[in-house]
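Engineer: show me how the following folds:
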Amino acid sequence: MNTQAEPLMEGTPLIKPSTTDHPLYESIVEACRSVHDPEIPVNIYDLGLIYTIEISAENEVEVAMSLTAPGCPVAGEMPGWVADAITPLAGVKSVNVELVWEPQWGMDMMSDEARLELGFM
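Structural biologist: Below you'll find the model as predicted:
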């Protein structure tokens with residue numbers, strides 16, 4: 001994944017699409033749902049912190065994720081938690097989790113379930 005900001009072409013999505021048609025995708029999403037932000041009682045997937053799950057033909061997994069704020073006390077640990085959740089899945093060859101700050105996370109990225117659980121609906 002490229003960490004350098006590239007000029008966006010018109011119509012280029014801010015978040016790279018995930019490999020949703022890969023057989024491992026759903027189990028990786030469930031693994032991500034097992035990781036919780038210690039300050040918010042909702043899993044990081046439903047919070048919208050997982051931006052992209054990219055899975056190669058060789059089952060190498062690349063995850064782009066963000067945090068609710070750059071000063072998050074677990075910023076240095078959270079990517080490792082995500083990698084630790086995905087790595088044991090059958091068929092996964094390798095996992096790389098990258099923290100990204102663009103686009104900035106916002107409450108509009110939360111799932112309806114997360115909004116309901118946090119009392120925003």
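Engineer: so where's this protein uncertain?
Structural biologist: For the chain, the stretches with pLDDT under 70 are 1-13.
Engineer: quick one, what contacts the spatially most central residue of it?
Structural biologist: Central residue of the chain (Cα atoms, centre = their mean): Ile50, 1.5 Å from the mean position. By Cβ atoms under 8 Å, 6 or more residues apart in numbering, the contact set of Ile50 is Val29, Cys32, Ile44, Val63, Ala64, Met65, Val82. The C-beta positions use only the backbone N, C-alpha and C, and glycine is treated the same way.
Engineer: and what of Ala75?
Structural biologist: Under the criterion of Cβ under 8 Å, 6+ apart, the neighbours of Ala75 are Leu67, Leu99.
Engineer: tell me the secondary structure of it, please.
Structural biologist: Following DSSP: H, G, I helix; E, B strand; the rest coil, Ala75 is assigned to coil.
Engineer: any idea how far it is from Arg33?
Structural biologist: 20 Å (Cβ to Cβ, to the nearest Å).
Engineer: what's the span of stretch 104-115, first residue to last?
Structural biologist: Separation of the first and last residues of stretch 104-115 by Cα to Cα, to the nearest Å is 18 Å.
Engineer: before we move on, back to that, quick check: the residue nearest to the centre of the chain vs Gly119, distance?
Structural biologist: Separation of Ile50 from Gly119 (Cβ to Cβ): 22 Å.
Engineer: and for Asn96?
Structural biologist: Separation of Asn96 from Gly119 (Cβ to Cβ): 35 Å.
Engineer: how many neighbours does Met78 have?
Structural biologist: 22 (other Cβ atoms under 10 Å).
Engineer: excluding its backbone neighbours, what's nearest it?
Structural biologist: Once flanking residues are discounted, Met78 sits nearest to Leu67: 6.5 Å by Cβ to Cβ, 6 or more residues apart in numbering.
Engineer: tell me the helices and strands packed up against the helix or strand in which Val95 is found.
Structural biologist: Taking DSSP states H and E as the definition, Val95 sits inside strand 94-99. For strand 94-99, the packing partners by 3 or more Cβ pairs under 8 Å, 6 or more residues apart in numbering; DSSP states H and E come out as strand 60-65, helix 78-86.
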